[in-house]
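# Below are the sequence and a predicted model for it; my questions follow.
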Amino acid sequence: MTIQPIADEALAQIFTRARTHSVWSPTPIPMSIFADLYELARLGPTSANCSPMRLAFVTTQAAKERLLPALSRGNLKKAASAPAIAIVAQDRNYLDRLPELFPVGYDARSWFNTSPDAVAVHGERNTMLQAAYLIVAARALGLDCGPMSGFDRDAVNAAFFTELPWDAKLLVSLGHGAEPIREPRKPRLSAEEACRFL
């Protein structure tokens with residue numbers, strides 16, 4: 001099978017025209033979209049298919065009221081009007097699922113569990129990789145995104161994950177952006193600055 005480039009319009013929706021949003025339309029997101037979103041995001045590669053990302057979709061006002069106090073002041077307003085906020089978390093026990101997710105006839109967990117720090121670092125790296133897939137998948141499904149790292153992780157974990165071995169890593173507001181973005185896109189490094197061609 002030969003892979004063909006996707007159309008320019010699709011690239012625009014996912015990358016070139018897409019922007020981070022801070023103000024949201026009140027249009028609700030159909031609940032079925034969240035399952036579709038995960039179904040796409042889970043297909044991206046992770047080390048040994050370890051798939052450590054877990055998601056909590058905050059969609060009700062009651063759940064949002066539990067989340068908002070944990071946000072930094074700069075992110076509070078951005079999140080308050082979003083129809084949904086995805087809490088991207090890492091399952092601390094993600095390696096327990098490796099025999100099921102990477103069935104190779106031997107225990108692949110030994111590759112990663114050389115120390116508690118190695119398990120955590122490997123899990124966080126792959127969780128953040130999956131978070132990027134989540135953003136791309138959301139844009140592909142017609143949603144706008146507002147990723148946020150400014151929040152109290154311990155407070156989020158206490159509010160949502162006391163009975164789960166999940167550790168919050170990133171928040172992503174989801175919905176349809178309401179504000180026209182008038183300012184130009186902020187600069188990015190050029191290929192000459194950020195890449196080496198060896």
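Yep, it's here. Numbering: from 1, shown residues only.
# Next up, the contacts around the most centrally placed residue in the chain.
Centroid-nearest residue in the chain, with C-alpha atoms, centre = their mean: residue 131, separated by 2.8 Å. Applying C-beta atoms under 8 Å, 6 or more residues apart in numbering to residue 131 gives the contacts 53, 88, 147, 169-170, 172. Just so you know, the C-beta spots here come from the backbone N, C-alpha and C atoms, and that holds for glycine as well.
# same deal with residue 59?
29, 31, 34, 83-84.
# hmm, 7 Å instead?
Residues near residue 59 by C-beta atoms under 7 Å, 6 or more residues apart in numbering: residue 84.
# My reading is that residue 57 lies in a strand. Confirm?
Yes - counting by DSSP: H, G, I helix; E, B strand; the rest coil, residue 57 is part of a strand.
# Could I get the full set of helices for this protein?
Listed in chain order, the helices found in the chain under DSSP state H are 8-11, 31-41, 61-67, 73-80, 98-101, 116-140, 153-160, 191-194.
# Quick one: closest of the ones you listed to residue 180.
Closest to residue 180 of these is helix 73-80 (C-beta to C-beta; 16.1 Å).
# What residues sit buried inside that closest one?
Residues of helix 73-80 classed as buried by neighbour count (16 or more other C-beta atoms under 10 Å): 75, 78-79.
# re earlier: let me have the helices of the chain in CSV, extended by mean pLDDT and distance to residue 22.
Output for the helices of the chain, formatted as CSV (pLDDT from 0 to 100; distance: least, C-beta to C-beta, whole Å):
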stretch, mean pLDDT, distance to residue 22
helix 8-11, 96, 23
helix 31-41, 97, 20
helix 61-67, 97, 16
helix 73-80, 93, 4
helix 98-101, 94, 36
helix 116-140, 96, 15
helix 153-160, 98, 20
helix 191-194, 97, 26
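# what about burial for the contacts of residue 131, which qualify?
Listed as buried from the contacts of residue 131 are 53, 88, 169-170, 172; burial here means 16+ other C-beta under 10 Å.
# From these, pick the one nearest residue 142.
Using C-beta to C-beta, residue 172 is the member of the buried ones among the contacts of residue 131 that lies nearest residue 142, at 15.1 Å.
# by contact count, what packs against the longest strand belonging to the chain?
Longest strand in the chain, counting residues (DSSP state E): strand 166-175. Other elements packing on strand 166-175 under the criterion 3 or more C-beta pairs under 7 Å, 6 or more residues apart in numbering; DSSP states H and E are helix 73-80, strand 84-91, helix 116-140, strand 144-148, helix 153-160.
# got the contact list for the first one?
Residues from elsewhere that reach helix 73-80, judged by C-beta under 7 Å, 6+ apart: 22, 68, 71, 85, 146, 148, 150-151, 171, 173.
# tell me the angle of that helix relative to strand 84-91?
Relative orientation of helix 73-80 versus strand 84-91 (axes from the mean of the first three to the mean of the last three C-alpha atoms, to 10 degrees): 120 degrees.
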